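Enquirer: fold the stuff below for me.
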Amino acid sequence: MMSNLFSIFDPSTNLFNISFNWIKTILGIMFIPYSFWLIPNRHFIVWNLILSKLHNEFKTLLKNNYFQGSTFIFISMFSFIFFNNFLGLFPYIFTSTSHLTLSLSISLPLWLSFMLYGWINNSQHMFIHMIPQGTPSILMPFMVLIETISNIIRPGTLAVRLTANMIAGHLLMTLLSNNGPNLPSYLIILLIMIQILLLILESAVAVIQSYVIAILSTLYSSEVN
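Expert: All right, here's what the predicted structure looks like:
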């Protein structure tokens, strides 16, 4: 029996007392060369179609801020988070996106670079963006305070959103599976069906969360110019 429910997010994967948990974050790179050795194949065509759709969508969101190659950072971030979310659904594979260490390492530098670029190169626009058009003069100090706080917590909300969504589904599946040995045989079949449905739901969450993080990052970058 587990002494800590959250221990499922930090399994003891080691070899010769060397921890291999975080090496799982680069397992997605192993899928990339396969696409280039066997061209054209269905895997490459489907993935290329997804990336081209994302490129067009990010290009539309960036509007006047778009320049050639500017969508690559968001497509790369989507791919990285997607691979980590999806691989975390397999047994005995460390779910790195369920830790704030990784999610904050992605969102914080990206948000900080947007803020530095905006305040250094276009500070007037950044000041104007803090006060919505038509705001009464008496409410302007409060709007500046609210907008400043909402801007500061953006990297935290991105990180917590990803982490919380990955933790919630995994915890629910673990809690249900722990009750399996105590259930009669006819309820175990129902439990397996529920677990399969939850696994399908978690697969959808893995895709949706990577898409949401990429879209929100694109929208944040479009506001700095």
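Enquirer: pretty sure residue 176 sits against residue 194.
Expert: Yes - look at residue 176 against residue 194 with C-beta atoms under 8 Å: they come within range, at 6.4 Å. In short, each C-beta sits where N, CA and C put it, glycine included.
Enquirer: show me the shaky parts of this protein.
Expert: Across the chain, the ranges flagged by pLDDT under 70 are 1-22, 28, 31-40, 64-67, 225.
Enquirer: which residue ranges of the protein form strands?
Expert: Counting by DSSP state E, residue ranges of the strands within the chain are 14-15, 18-19.
Enquirer: so where's the longest helix in the protein?
Expert: With secondary structure taken from DSSP state H, the chain has its longest helix at helix 185-222.
Enquirer: who are the packing partners of it?
Expert: Taking 3 or more C-beta pairs under 8 Å, 6 or more residues apart in numbering; DSSP states H and E as contact, the helices and strands that helix 185-222 lies on are helix 42-62, helix 72-87, helix 100-121, helix 154-178.
Enquirer: list the buried residues of the last one.
Expert: This means helix 154-178. The neighbour-count criterion (16 or more other C-beta atoms under 10 Å) identifies 154-155, 158-159, 161-163, 165-167, 169-170, 173 as the buried residues of helix 154-178.
Enquirer: for stretch 121-140, same thing?
Expert: 126, 130.
Enquirer: how about stretch 43-60?
Expert: Neighbour counts over stretch 43-60 (16+ other C-beta under 10 Å) mark 51, 54, 57-58 as buried.
Enquirer: got JSON lines for the residues you listed, with distance to residue 111 too?
Expert: Output for those, formatted as JSON lines (distance: C-beta to C-beta, whole Å):
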{"residue": "51", "distance to residue 111": "24"}
{"residue": "54", "distance to residue 111": "20"}
{"residue": "57", "distance to residue 111": "20"}
{"residue": "58", "distance to residue 111": "17"}
